[in-house]
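[1] no sequence for this one, just the structure:
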């Protein structure tokens, strides 16, 4: 199984699929091609949240503002999964969540010497690499044996920001806004557990288990499906109501 | 084969696919993840129109404004198909059109006790249920035997509105507007058959077999691919030209 | 393998998939359903660029402003590929690039007598034809033997416009603007090779190998992944910066 993730929209992912199918008969599953354009951190968040729900797979990821520069192309073996993509940190949070023990993953550099274009490495570097890895990876140590892969101890690091948790307040930031307008923060859900209402950036907001716990159009604090604190509006857009976007600070007083 | 339908946009459907693939090696086919947000009636219409074109399958449907409330999760056995989704009526029109005899379908309640989240039952309740159903459903009476399924005689009903048909006029309403702006009504196509023009909410409009039967930019009445009367503009948007949206009244005088 | 391409958006492609799966167990791969509405030339360009990356396949293409008129439905055998779609030229550039020798392809007319609707031939004519072709096409001369296919020497021609290349200037036009706002011209990439900057419609613009060769927000001329000259803005929209859209003239002085 090979999953595909990118910020390409349409129709560029189809060229990657064609190339993958030249190399492999694997099942192809789209994770998303609608990640925010060139937003490495947002993609890193979504991949960390979604990929662990998949059975063992090769995950092809192309969110790559540095395409054509000398940033490396890498493959990461993490538990029973392999991630393939640019060395810009986008794979790292997912690698840590897929690895059996947080940091127990191995990084390989992929040769991109033969790339046909300098603007579409998704088609010309990452897709062929993902196809070859999928076919070879059955055997133990298979990645190390591949011609185009070289084990490396270096890679670009990316860690999603951690909140500051004190007795009466938690201070963090918005990681992403989803397509519904739900504001997903980096605050862990347990910080609002048991509260009936909290103070969000100076506004008092009820805490609810579900959107439907408040009337339509009302805002609320909830714990999203990823376990983080979310700022939402029932049947509306939390980002507009709270005036918040990715990267903005969030301070919750309990 | 398992089909997926939701109003989730991207990337949430991918988490459902990961979970399905943990349970089953079935082929996965997306029907749509772009159904109008939380619009149970629109989704019910599209599912009724599209699912009968599929070979026997399990159909996972998540348009679920009541997620996290005490609305039940259900599976419906309808002919050679099984529908899995929330008990809010969204599955009913499709169930009737898939069942060999209109009302000859069976409803099962799905246990959602083990749901990890109260906001993403698509991932935590419906996808695991659809995966298990797909694996078990080969045998007759298999659904009744599943641990997490209990046959029930109760379910929320939903019937798409029926038009009023008189000699010289038919009165109905707009069911949905599609992505092209075509206004799809609940009026059966035969009511305009043989007419050269009709009166729509007071405007005289030509009846055509195809969009191309009128010049580009001109409005027309046609019979859509679902057999209903449609209000269209050739190479334009019918909803804007006619000033109509889902739920609005349509009166056609012949 | 059957690929699907259309300008349908969502959810209409799902009905085509259901019909295909009634006829065939082939793998289905979406190329795009977001082609610009009824823009035959744009679709023809993308198909020519993308389909050659696929292994042998049946390619179902529905961009069809003339649906329901007397335009023919055709299948084209081109090398190890078969294209199925309307006879409006949309298949031709791809057919020439898939055929072993530019014009060495064969055209068949598909009977559409049994079409259920006159507005959705994707579902009622092209999908059944693609499904049947996929199942029968293994045998040599199989297409000629199919009941609903008749070899024909006539078809609507479509050639993407060719640029005029002189010593000091190349004159062409914009073929399409992609979803990133990159302006894709019909000028071959070699015309700007070795140049540090060129004059585009009167403006001096740097030539770069990658987007990242200029600062964010700056415009540049590059050679896109399809080998053509592209007018881009690093992390911005080239169409807005250059004020250009599909069909507009582009004059580059070297």
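    Happy to help now that I have it. All values reported here derive from a predicted model rather than from experimental measurement.

[2] okay, now residue A:186: neighbour count?
    A count of nearby residues for residue A:186, using other CB atoms under 10 Å in any protein chain shown, gives 18. The C-beta positions use only the backbone N, C-alpha and C, and glycine is treated the same way.

[3] Am I right that residue A:156 sits in a helix?
    No: membership of residue A:156 in a helix is not supported by DSSP: H, G, I helix; E, B strand; the rest coil, which gives coil.

[4] any idea how far chain B is from it?
    Distance of residue A:156 to chain B, computed by CB to the nearest CB, to the nearest Å: 23 Å.

[5] Pretty sure that residue sits against residue A:85.
    No: contact between residue A:156 and residue A:85 fails when scored by CB atoms under 8 Å: they sit 11.1 Å apart.

[6] Could you check which of the two is surrounded by more residues?
    Set residue A:156 next to residue A:85 and count neighbours by other CB under 10 Å: residue A:85 wins out with 30 against 16.

[7] Check the burial of the residue of the stretch 151-254 of chain A found nearest chain B by counting its neighbours.
    Going by CB to the nearest CB, chain B is nearest to residue A:210 of the stretch 151-254 of chain A, at 2.7 Å. Neighbour count for residue A:210, taken as other CB under 10 Å: 18.

[8] residue contacts, it?
    For residue A:210, the contact set (CB atoms under 8 Å, 6 or more residues apart in numbering or on different chains) comprises A:222, B:67, B:68, B:69, B:118, B:119.

[9] same thing with residue A:117?
    The contact partners of residue A:117, by CB under 8 Å, 6+ apart, come to A:123, A:124, C:223, C:224, C:225.

[10] where exactly do the helices run in the stretch 1-150 of chain A?
    Secondary structure of the stretch 1-150 of chain A (DSSP state H, counting those that start in this stretch): helices located at A:12-23, A:40-50, A:92-98, A:121, A:127-136, A:142-145.

[11] Let me have those in TSV, extended by distance to chain C.
    Listed next are the helices of the stretch 1-150 of chain A as TSV, based on distance: least, CB to the nearest CB, whole Å:
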stretch	distance to chain C
helix A:12-23	3
helix A:40-50	13
helix A:92-98	21
helix A:121	9
helix A:127-136	9
helix A:142-145	23
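
[12] Output the below-cut-off pLDDT ranges for the stretch 1-150 of chain A.
    In the predicted model, the stretch 1-150 of chain A carries pLDDT under 70 at residues A:139-142.

[13] from the contacts of residue A:210, which is closest to chain C?
    Using CB to the nearest CB, those come closest to chain C at residue B:67, 21.4 Å.

[14] Relative to residue B:150, how far out is that closest one?
    Look at residue B:67 and residue B:150: by CB to CB, to the nearest Å, they are 20 Å apart.

[15] For these two, indicate the residue with more neighbours.
    Between residue B:67 and residue B:150, counting by other CB under 10 Å, residue B:67 is the more crowded of the two (25 against 14).

[16] need the contact list for the closest residue to that one other than its chain neighbours.
    What sits nearest to residue B:67 in space, not counting adjacent residues and going by CB to CB, 6 or more residues apart in numbering or on different chains, is residue B:121, at 5.2 Å. By CB under 8 Å, 6+ apart, residue B:121 lies in contact with B:62, B:64, B:67, B:68, B:73, B:86, B:112, B:115.

[17] residues near the last one, how many?
    Number of residues near residue B:115 (other CB under 10 Å) recorded here: 18.

[18] Report the separation between it and chain A.
    Distance from residue B:115 to chain A, by CB to the nearest CB: 10 Å.

[19] Include distance to residue B:34 when you put the helices of the stretch 1-150 of chain A into a markdown table, please.
    Converted to a markdown table, the helices of the stretch 1-150 of chain A look like this (distance: least, CB to CB, whole Å):
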| stretch | distance to residue B:34 |
| --- | --- |
| helix A:12-23 | 17 |
| helix A:40-50 | 18 |
| helix A:92-98 | 26 |
| helix A:121 | 29 |
| helix A:127-136 | 26 |
| helix A:142-145 | 38 |
